[in-house]
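**Q** predicted model follows, preceded by the sequence.
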Amino acid sequence: MFQRWAMIWVCLTISISTTLTVRADETDQFTLPPRDSFADLGPFFSAAHYHAFERVVTRLNRKIDQHASIADPARRAARLKTWHEPLTIANMVRHEFGPALTEMRSLEGTLNADELLAMYPDQRTRYRTSNWIYDHVHLPIDPRKFMLLFIASTVNINGHFIGLDKVGHFHDLGHIYYKDYVALRNRGKTDEQATAIVVRRFSRGAISEAVIIGTIASGVQSNGDLASNYIGFKFYRNLTETVRMGDRSLPPMFVRVGDYWALNTHVRPDHNFFKPFVTDHWNEALNPNIYEWSMRGLIRRHLRKRADQIQDFYAHPDGTRRTAEEFRQIEQDLSTFYGEDYGYLRAAERKMVTIANACFPDDTTNTTTATATATNTDTDTAMSHKSRTDPVPLTGTGINLETNTETNAEANANAERTDDRQSITAEPDDAPDQQATDQPIANKPMDDQQALLQ
C-alpha cells in the first residue's frame, strides 16, 4: 500500500500539464506545531524515488533491446551510445517528476489523500497555515504579493523539517545545474571549474536567487533553495557516478550490466537510500533567508511573537533550549554543504531575520550571525565565498537527526482537534499551532515505518 501511494505521487506529477516551471511557493519553518506530531516521511520519499528509477530502467532497457541485435559492432555501439549517456538517464529521471510547480501541487495532494493519512492516524503528513511569517509583508498593490499566495507545507523527512517547495528545487533546478555542468565539462572545463560556474550562475547571475528567482519574484533570497538546488545537482550526478556527501561516499544508483542498466543493490524500496540528500540545509528557519528591506520589520515582529514556540521546536532532543550562540553556529555550519560552496548568500546582520537575532530579546552578544561576516550589495553580486575545508557535522550544535520528543506545553494547550485537511484559515499571531489536528504522540519507530514498504 505504501509503495502504491509513492507511485501515485509520481504518476500524478506526470499527468499534470508540463508547461509550468520554477518559481513557485514560499514556506515557513518558524510557524509549526509540536515536532512529534509529524509523521516521518523518509521511507515514503525513498519508495517514490525507487519507483521512478524502476520506470526509467525499464524504458532504458527497452530502447537498448531495440538496438542490441545489430550485427555490426560499430553501428550497434553508435546506436547504444545515447542510451548509455549519464545525461540521458538524468533527463529521464527528471521527466518522471514533471515541472516543479506541478510536482509540488501533486505532492501536496498525495500527502493529503485519505488512504495515505490512514497510515498515520494520529500524525501529520504535512502542515501549513495562512498565519505565517509572510502575512501582510507586501502592500496589496505589490505584484509580488501574488507569489506569496502559494504556501508550501512543511514535512518531516528523516528528522529534517523542510518545505515541499524544496523538493521542486531539488528535482528541477538540480537538473538544470547538472545539464549546464555537463555542457561545461564537454567544453573542457574541469570538475571544479564547471561546478563553480554553475553555482555562481544560479546564485548570483541574472536568473538567480539573488536577482530574478528570489529578489524580484518575492523579495526573498533563500539559502535553503540554493542548498536544495545544489544537493539536487549532486543527486543527478549520483545517478551514474560516486559522489561525496560529507564524510560518506555514495555509490552510483544506476549501474551497467553489459549493455543494459540496473539499479544498484542499495536502491530498494525498503532501503532509506534517499536519506543522505535531505538535510537541515533545506530548513529556512535554521538556514536563514535574506529579506528585502520593506519586509524585515514585520517578519522580525512575527518571529518575536513566536519566540517560545520556535525555541521549543528547535530545542535539544532532551528538551533544553538552545542558546542564541548555538543557533549562530548552526547558521555557520549550514553556510556550506560539508565544506562545499553551494552559493550561500551572505548579508549584513540588519538584512537577516534569524532565530538568533529575533527570538532572544535579552541576548546582548555583539557577535554577528554567520551571515554577517562581510557587507555587500543587496544582490550580493560582489560577494565571494570561501568554503570550509572540513565536513561539518550537523549534530551537537546542529539539529539532531532524531525527532525531538519533547512537546511545547503551551502549543499543546492551544491546539484544537480539527482536521488538518481543512481549508487554510487565518489564526491569531500568538497561536500558530491552532490549526494543529492531532494530539501529540511519539513518532513511529523507523522499523515500523519501513515495514509499511513490504
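**A** Looks like it came in fine. Residues are numbered from 1 along each chain as shown.
**Q** can we go C-alpha only for contacts and neighbour counts from here?
**A** OK.
**Q** for T31, what are phi and psi?
**A** phi -110, psi 90 (degrees, to the nearest 10).
**Q** neighbours around it, how many?
**A** By other C-alpha atoms under 10 Å, the residues close to T31 number 26.
**Q** and it, how close does it get to I290?
**A** Separation of T31 from I290 (C-alpha to C-alpha, to the nearest Å): 18 Å.
**Q** could you do Y314 as well?
**A** Distance, Y314 to I290, by C-alpha to C-alpha: 21 Å.
**Q** then G205?
**A** From G205 to I290 the distance is 16 Å (C-alpha to C-alpha).
**Q** who has more neighbours out of those two?
**A** I290 (28 against 16).
**Q** so what does the lengthiest helix in the chain touch, helix or strand wise?
**A** Scanning the chain for the longest helix, with DSSP state H as the assignment, gives helix 42-67. If contacts are counted by 3 or more C-alpha pairs under 8 Å, 6 or more residues apart in numbering; DSSP states H and E, helix 42-67 sits against helix 2-15, helix 73-84, helix 86-97, strand 154-157, strand 260-263.
**Q** could I have the CA atoms of the second one written out in CSV?
**A** Read it as helix 73-84. In CSV, the C-alpha atoms belonging to helix 73-84 read as follows (Å, rounded to 0.1, in the frame of the first residue of the first chain):
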residue,chain,number,x,y,z
PRO,A,73,29.6,-3.7,-33.7
ALA,A,74,30.4,-0.1,-34.7
ARG,A,75,26.9,0.6,-35.8
ARG,A,76,25.4,-1.0,-32.7
ALA,A,77,27.8,1.0,-30.4
ALA,A,78,26.7,4.2,-32.1
ARG,A,79,23.1,3.4,-31.6
LEU,A,80,23.6,2.4,-28.0
LYS,A,81,25.7,5.4,-27.0
THR,A,82,22.7,7.7,-26.5
TRP,A,83,21.2,5.2,-24.0
HIS,A,84,24.4,4.8,-22.1
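**Q** as a whole number, average confidence for it?
**A** Mean per-residue pLDDT for helix 73-84: 91.
**Q** that helix: which residues count as buried?
**A** Buried residues in helix 73-84, counted by 16 or more other C-alpha atoms under 10 Å: R79, L80, W83, H84.
**Q** so how far is A227 from the second one?
**A** According to C-alpha to C-alpha, L80 stands 35 Å off from A227.
**Q** what's the answer for C359, then?
**A** Taking C-alpha to C-alpha as the measure, C359 falls 24 Å from A227.
**Q** who has more neighbours, these two?
**A** A227 (30 against 23).
**Q** wait, a helix at that one?
**A** Yes. Per DSSP: H, G, I helix; E, B strand; the rest coil, A227 lies within a helix segment.
**Q** how close does it get to K305?
**A** As judged by C-alpha to C-alpha, A227 and K305 stand 28 Å apart.
**Q** next one: A118
**A** Taking C-alpha to C-alpha, one finds A118 at 34 Å from K305.
**Q** what about the two, which has more around it?
**A** More crowded of A118 and K305, by other C-alpha under 10 Å: K305, with 16 against 11.
**Q** for T27, which non-adjacent residue is spatially closest?
**A** A152 (4.9 Å; C-alpha to C-alpha, 6 or more residues apart in numbering).
**Q** wait, that neighbour touches E26, no?
**A** Yes. Counting by C-alpha atoms under 8 Å, A152 touches E26, with 5.8 Å between them.
**Q** which residues do those two both contact?
**A** D165 (C-alpha atoms under 8 Å, 6 or more residues apart in numbering).
**Q** is N287 in contact with L226, as I believe?
**A** No. Taking contacts as C-alpha under 8 Å, N287 lies outside contact range of L226: 10.4 Å.
**Q** okay, buried residues for the host helix or strand of S249 please.
**A** Taking DSSP states H and E as the criterion, S249 maps to strand 248-250. The neighbour-count check on strand 248-250 (16+ other C-alpha under 10 Å) flags L250 as buried.
**Q** the next helix or strand after that strand: which residues count as buried?
**A** Next helix or strand after strand 248-250 toward the C-terminus (DSSP H and E): strand 254-257. For strand 254-257, a neighbour-count test (16+ other C-alpha under 10 Å) marks F254, V255 as buried.
**Q** residue contacts, A262?
**A** Shown in contact with A262 (C-alpha under 8 Å, 6+ apart): V57, F254, V255, R256.
**Q** sounds good, over and out.
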